[in-house]
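Chemist: Turn this into a structure:
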Amino acid sequence: MQIPDFRLNGRVALVTGATRGLGKAMAFGLAKAGAKVVLNYANSHEHAQRTFKEFEAAGYAGALIRANVIDESEVDRMCTEAERQLGPVDIIVCNATGDQPLKPIEEYDWAFYQEMYDFFVKSPFLLTRRTLPHMKKQHWGRIVNITSEVFRRGTHPFSAYVAAKGGQTGWTRAMARELAPWNITVNCVAPGWIPVERHANDPEEMKEGYRQLLPGGRFGVPADIAGAVTFLASDAARFVTGADIPVNGGMTVG
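Modeler: Next comes the predicted model:
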């Protein structure tokens, strides 16, 4: 009996928004499994450099590349640089996001809605289209979209984010069927609310209210998401595609 391998030795992974929070945990998790990892970031160069020094100090191999992942030319430049430094990309993890304000619909404008769709539909599209020739040629690839439980829960007032995450989930399902003949899997990991740096100033009563709804009574941690992503990137998940895996401690089931 052949036992599937969870190791990623010889693979190159690209994680967008990878220098803090969930993205950092995913990048480190993939590297721990043996992949060479591109840590993408868009803003604070100083913070990104600190993260990458930590990454290298752990003995991991990779590259730190700044790029705006909703800009086609930037995506192309990033992938070209990744190929130069590490080799063609086998695994993409679409994690980057912008601001996520909770507002009633009257306070949004279409420009913000468009920004959400740019991060969660346009960016996965650009990254997939750019890396797909290599994946098809080698008959192997992994695309993992970081979605959210909010699509299942219909979280409010959060309509722009929820709508875009729904679009990302639908895109994932369609691409999973389209790319299956090339042994390329496309899946979603849908985290619950896992407090990271961006949530430092969120009201404690809001956090506590969410925690009390969790069946296990505890928040998840970034490593919980990293584990799911690493599984989907590995050959252990070779027959899993089109899935939308909630990682939220049972907040949503079914």
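Chemist: since we're on the closest residue to Val221 other than its chain neighbours, how many residues are nearby?
Modeler: Excluding its sequence neighbours, the residue lying closest to Val221 (Cβ to Cβ, 6 or more residues apart in numbering) is Ile194, at 6.5 Å. Placement of C-beta: from N, CA and C, glycine included. Residues near Ile194, counting by other Cβ atoms under 10 Å, number 19.
Chemist: Equivalent analysis for the one 3 residues further on, please.
Modeler: Burial of Glu197 is recorded as 9 neighbouring residues (other Cβ under 10 Å).
Chemist: how close does it get to Ala27?
Modeler: 15 Å (Cβ to Cβ, to the nearest Å).
Chemist: cool, Lys165 as well?
Modeler: Lys165 is 21 Å from Ala27, by Cβ to Cβ.
Chemist: of the two, who's got more company?
Modeler: Legend: neighbour count by other Cβ under 10 Å for Lys165 and Ala27, higher for Ala27 (32 against 27).
Chemist: which secondary structure elements does the helix or strand where that one lies contact?
Modeler: Ala27 belongs to helix 21-32 when assigned by DSSP states H and E. Applying 3 or more Cβ pairs under 8 Å, 6 or more residues apart in numbering; DSSP states H and E, one finds that helix 21-32 makes contact with strand 12-15, strand 36-41, helix 45-57, strand 91-94, helix 222-233.
Chemist: Mean pLDDT, distance to Arg152 and mean neighbour count for those - can I get that in a markdown table?
Modeler: Output for these, formatted as a markdown table (pLDDT from 0 to 100; distance: least, Cβ to Cβ, whole Å; neighbours: other Cβ atoms under 10 Å):
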| stretch | mean pLDDT | distance to Arg152 | mean neighbour count |
| --- | --- | --- | --- |
| strand 12-15 | 99 | 24 | 30 |
| strand 36-41 | 98 | 27 | 27 |
| helix 45-57 | 97 | 31 | 14 |
| strand 91-94 | 98 | 19 | 29 |
| helix 222-233 | 98 | 16 | 22 |
